[in-house]
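S.K.: structure for the following, please:
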Amino acid sequence: MIETSPAAAPQATRQAREPELRAGAGGGQSQAHAQSGQTPIIEVSGLEKTYRTARGALNLFHGLDLQVESGEMVAIVGQSGAGKSTLLHILGALDAPSAGTVNCASTDVARLSAREAAAFRNREIGYVWQFHYLLPEFTALENVAMPLLARGKMRTGVPSNRSSSLGWKVDALQTAANWLREVGLEDRADHRPGELSGGEQQRVALARALVNNPRLLLADEPTGDLDEITAGRVFDLIERLHLSHGLTSILVTHNPDLAARCGRILRLEGGRLAPLATAQQVGFQAGSR
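M.R.: Predicted structure coming up:
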């Protein structure tokens, strides 16, 4: 295990702000943005997504608009099949829209090549899925370090000098160790995913998502596979990291209690987003799929 000093621990590079409950802003636009005039970190306009099926075209979104200000924590809820995961995929440059504009972290993600999209995701996006997708043959420490190693290769290629290569990898593992400490798993660094509990696996996945210090955290049912108590603890951690590292976070969830803890709740229905004022308006059952 890599030894690290407290001074090497990850530091917040963006000012964190306590999100407030905002409702009634048309098209999902935050009132704070409307008042400040600042450019939102996410701006989606007229989004369309069409899939070709044996029965004809399936139009998932119908002129969907979304604006998210830097520092917000936004929950997206809705029935299964409404397109919540697809929306996250488009925001995170994992999928392309059929029409409309998608500006995310000052980038027109719809215009990125496959290589540019991969670099954008690695640089700007932290993604947490319902299933952790940790690599079973690697330790927790190695899993967390993977995005750093990939980022180094995308920037410079594998160093030809052995000493430089070793130093680069040691730095990546040291940063990963700091993030494991951040999520409370420094004593589990040498354990493989199969030796970890479900909650521990998801905490490792969260550390991996944030190890590159992205601006955006996209979480697709991050507590969906966990029991109620563990889910609450994992969400506590997400909330703490969101604030301490100045993240902008968008979470898809079926859990109304967790959605209510976000600054805004948006319901995806009929191909568009609509704001909800209270958790009671969410209109779905916890744990439904």
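
S.K.: tell me the secondary structure at the residue lying closest to residue 58 once chain neighbours are set aside.
M.R.: Spatial nearest neighbour of residue 58, chain neighbours left out: residue 51 (4.5 Å); criterion: Cβ to Cβ, 6 or more residues apart in numbering. Placement of C-beta: from N, CA and C, glycine included. Three-state call for residue 51 (DSSP: H, G, I helix; E, B strand; the rest coil): strand.

S.K.: residues contacting residue 51?
M.R.: 57, 58, 60 (Cβ atoms under 8 Å, 6 or more residues apart in numbering).

S.K.: I'd like those residues as JSON lines, with secondary structure, distance to residue 217 and pLDDT appended.
M.R.: Below are those laid out as JSON lines (DSSP: H, G, I helix; E, B strand; the rest coil; distance: Cβ to Cβ, whole Å; pLDDT from 0 to 100):
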{"residue": "57", "secondary structure": "strand", "distance to residue 217": "33", "pLDDT": "84"}
{"residue": "58", "secondary structure": "strand", "distance to residue 217": "29", "pLDDT": "84"}
{"residue": "60", "secondary structure": "strand", "distance to residue 217": "23", "pLDDT": "90"}
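
S.K.: first vs last residue of stretch 127-146, how far apart are they?
M.R.: In stretch 127-146, first residue to last residue: 13 Å (Cα to Cα, to the nearest Å).

S.K.: my error: substitute stretch 136-143 in the last question.
M.R.: Stretch 136-143 has an end-to-end distance of 9 Å (criterion: Cα to Cα).

S.K.: with stretch 65-77 instead?
M.R.: Taking Cα to Cα as the criterion, the two ends of stretch 65-77 lie 15 Å apart.

S.K.: so for it, what's the average pLDDT?
M.R.: Confidence for stretch 65-77, expressed as mean pLDDT, is 96.

S.K.: now it, how far from the centre of its chain.
M.R.: 12 Å (Cα atoms, centre = their mean, to the nearest Å).

S.K.: check contacts around residue 180.
M.R.: 140, 141, 144, 186, 188, 189, 204, 207.

S.K.: the helix ranked longest in the chain: which residues count as buried?
M.R.: Ranked by number of residues, the top helix in the chain under DSSP state H is helix 162-182. For helix 162-182, a neighbour-count test (16 or more other Cβ atoms under 10 Å) marks 168, 172, 173, 174, 175, 176, 177, 178, 179, 180, 181, 182 as buried.

S.K.: same check on stretch 84-91?
M.R.: In stretch 84-91, counting by 16+ other Cβ under 10 Å, buried: 84, 85, 86, 87, 88, 89, 90, 91.
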